[in-house]
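J.: Here is my input, please return the structure:
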Amino acid sequence: MAIGILFINSSVSTLHSVPPCIRHVTEFPATLQRQGWVAFKKSKTLGCSAARCSATAVAESDERLADVERDDSLAADDVDKCSNSGQSDGGRLRWDMLLSTEALGEAHLLRAGSVTDAHVLRRKGRLKEQDGLIEFIISMHRTHSPFQVMEKMERWVREHFEDPKRSTLSRLIPSIGCFHTPLPLVRALQEYDDFALLSRRKFVPPNFAEIRHVLNIAQVHVIGEQVSLITFDADGTLYADGHHIQGDNKMIGHIVKLMQHGAHVAIVTAAGYPGNTLKFENRITGLLEGFKVLGLPPSITKFFHVMGGECNYLLKVDSNYHLEFVEDKLWKSEDMFLWKEQDIQKLLDDAECALRSASARLHLPVEIVRKPRAVGAIPKEPTIYEVLEEMTLTVQMQLVDAMLPFCAFNGGTGNKSVGLGALMSYLGKRPYETLHVGDRFTASGNDSATRSKCSIL
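T.: Predicted structure coming up:
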């Protein structure tokens, strides 16, 4: 289980975003269904330079890179390509629709394949584009061509995958985590370069979204043959923030095809409704209706789950295409059963204190919402993303020595790593065959913790 923060705005403004909140055994406040929830993707954010390196940071980055390059040249042997031998036809079929734009078209969802389509890669607000690896890759383009950058990064990623403690990347980017697979970055860049023309640009380096897209293409290529569990963030990924899956959602075709090819699919959401399956069903009505219309048998629907409240409620599909809870004893980890109620309430008390203190310092009037396993703040007047980010990071620092896992976050969901780990254990899946798809991998985001459990998009 984890703690997360949820902020709900009662009014819509083009300058708002969803504020931070803190949540444990996460449950959405009941007011979520009554009040407008304005999430970060629907807001317009002030300030746009947080993702850029300062002059000092750039100089330090160049110095670290120069140190490494004295021992590492472009004349090194090419990185061994990941072998596809021994992979089943089923594994290839399963991910053909993600690797083939033609197959994707049949599922009525097109991958960005042109400059016109590429607008979907853009993000609003630089504070939402925070990733040490991506920022470092961008900085390398000052002295390297795009293909030189990717040749080096592909070699360094493989090195880090094999020995993360002594790798080049661990020295260049101390905050870097782990890789669960190598990444064929040169191949991915070649594919992306066909329409983005990165290699032909002389004065405009690739931006954050472009580098992330190249990384995503590489990850899909390398994991596509062996993935057997794919999990999705809900709000902002499967559907717009604050909305539900309707019958016309273009992801329904993908989810069904994955299940038909034997891949487990799960939605990991912060929405938590203890004892109430109907409220969970309301969030994915279109998907469940699609299962029913297609007449999917239990042998297929068994591959679908919902992880609610981050890590507190696991649900599956019954024979009537409704959701039902999976017994806690079947899937929760031993650590989750050891958490004491007094420790949970102490953590929530500290979180509430931190929220009140931060809101007072930032002159932001808020309404505190306290639940048995969650505490959050609702702003009483318009604010901007940077203020919410400050509150989130303040709470994170105040609770750094907490005894229980938690997540203080700015946006619609919280820490998913505990729930994802429990789900992987329940289904018997390993990191290299699991993929999480999300939209928030920043310091205050909700998907970043999943990096420690599996590969991500």
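J.: all contacts plus neighbour counts: C-alpha atoms, from now on.
T.: Noted.
J.: now the strands for the chain?
T.: 20-23, 229-233, 264-268, 304-308, 313-317, 323-325, 366-371, 374-379, 407-410, 434-437, 455-456 (DSSP state E).
J.: now those in CSV, with distance to residue 252, mean pLDDT and mean neighbour count?
T.: Formatted as CSV, those follow (distance: least, Cα to Cα, whole Å; pLDDT from 0 to 100; neighbours: other Cα atoms under 10 Å):
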stretch, distance to residue 252, mean pLDDT, mean neighbour count
strand 20-23, 29, 36, 34
strand 229-233, 12, 90, 22
strand 264-268, 11, 93, 24
strand 304-308, 12, 92, 24
strand 313-317, 15, 93, 22
strand 323-325, 17, 96, 19
strand 366-371, 33, 83, 16
strand 374-379, 31, 81, 25
strand 407-410, 28, 62, 31
strand 434-437, 15, 89, 23
strand 455-456, 20, 82, 24
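J.: so can I have TSV of those showing distance to residue 198?
T.: As requested, the strands of the chain are arranged in TSV below (distance: least, Cα to Cα, whole Å):
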stretch	distance to residue 198
strand 20-23	37
strand 229-233	30
strand 264-268	34
strand 304-308	39
strand 313-317	44
strand 323-325	46
strand 366-371	45
strand 374-379	42
strand 407-410	33
strand 434-437	25
strand 455-456	24
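J.: Residue 352: which of those is closest?
T.: When these are ranked by proximity to residue 352, the top entry is strand 374-379, at 6.4 Å, counting by Cα to Cα.
J.: Neighbouring strands of the closest one in the sheet, and parallel or not?
T.: Pairing partners of strand 374-379, with direction, according to DSSP bridges: strand 20-23 (antiparallel), strand 366-371 (antiparallel).
J.: still on that earlier bit, tell me which of the strands of the chain sits nearest to residue 154.
T.: Distances from residue 154 to each of the strands of the chain were compared using Cα to Cα; the shortest belongs to strand 455-456, at 15.7 Å.
J.: if I read this right, residue 273 contacts residue 282, doesn't it?
T.: No. Look at residue 273 against residue 282 with Cα atoms under 8 Å: they stay out of range, at 11.3 Å.
J.: quick one: which of the strands of the chain is nearest residue 173?
T.: Minimum separation from residue 173 across those (Cα to Cα) falls at strand 455-456, 18.4 Å.
J.: What pairs with that closest one, parallel or antiparallel?
T.: Strands adjacent to strand 455-456 in the sheet, as given by DSSP bridges, are strand 434-437 (parallel).
J.: Give me the contact list for the strand it pairs with.
T.: Judged by Cα atoms under 8 Å, 6 or more residues apart in numbering, the contacts made with strand 434-437 from elsewhere in the structure are 227-233, 237, 450, 454-457.
J.: can you do 6 Å?
T.: The contact list for strand 434-437 (Cα atoms under 6 Å, 6 or more residues apart in numbering) reads 227, 229-232, 454-457.
J.: beta partners of the nearest residue to residue 274 once chain neighbours are set aside?
T.: Computed as Cα to Cα, 6 or more residues apart in numbering, the closest residue to residue 274 that is not its neighbour in sequence is residue 313, at 7.3 Å. According to DSSP bridges, the partner residues bridging residue 313 are residue 308.
J.: What distance do you get for residue 313 to residue 230?
T.: To residue 230, residue 313 is 18 Å away according to Cα to Cα, to the nearest Å.
J.: Same check on residue 362?
T.: Residue 362 sits 40 Å away from residue 230, taking Cα to Cα as the criterion.
J.: Next: residue 292.
T.: Here the distance between residue 292 and residue 230 works out to 22 Å (Cα to Cα).
J.: measure the closest residue in space to residue 301 that isn't next to it in sequence to residue 434 for me?
T.: Take residue 301 and drop its neighbours on the chain: the residue closest to it by Cα to Cα, 6+ apart is residue 317, 6.2 Å away. Residue 317 sits 21 Å away from residue 434 when distances are taken as Cα to Cα.
J.: again, but for residue 310
T.: As defined by Cα to Cα, residue 310 lies at a distance of 17 Å from residue 434.
J.: Likewise for residue 453?
T.: 8 Å.
J.: Can I get stretch 180-199 in PDB, CA atoms only?
T.: Below are the C-alpha coordinates for stretch 180-199, written out as PDB (Å, rounded to 0.1, in the frame of the first residue of the first chain):
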ATOM      1  CA  HIS A 180      15.200  -4.000 -16.800                       C
ATOM      2  CA  THR A 181      16.200  -4.500 -20.400                       C
ATOM      3  CA  PRO A 182      18.800  -3.100 -22.900                       C
ATOM      4  CA  LEU A 183      17.500  -0.500 -25.300                       C
ATOM      5  CA  PRO A 184      18.000  -0.600 -29.100                       C
ATOM      6  CA  LEU A 185      18.200   3.200 -29.300                       C
ATOM      7  CA  VAL A 186      19.900   3.500 -32.700                       C
ATOM      8  CA  ARG A 187      17.200   1.400 -34.300                       C
ATOM      9  CA  ALA A 188      14.500   3.500 -32.500                       C
ATOM     10  CA  LEU A 189      16.100   6.800 -33.700                       C
ATOM     11  CA  GLN A 190      16.200   5.500 -37.300                       C
ATOM     12  CA  GLU A 191      12.500   4.800 -37.100                       C
ATOM     13  CA  TYR A 192      11.700   8.200 -35.500                       C
ATOM     14  CA  ASP A 193      14.100  10.000 -37.800                       C
ATOM     15  CA  ASP A 194      12.100   8.900 -40.900                       C
ATOM     16  CA  PHE A 195       9.500  11.700 -40.200                       C
ATOM     17  CA  ALA A 196      11.000  13.900 -37.500                       C
ATOM     18  CA  LEU A 197      14.300  14.400 -39.400                       C
ATOM     19  CA  LEU A 198      16.400  14.900 -36.300                       C
ATOM     20  CA  SER A 199      19.600  14.000 -38.000                       C
END
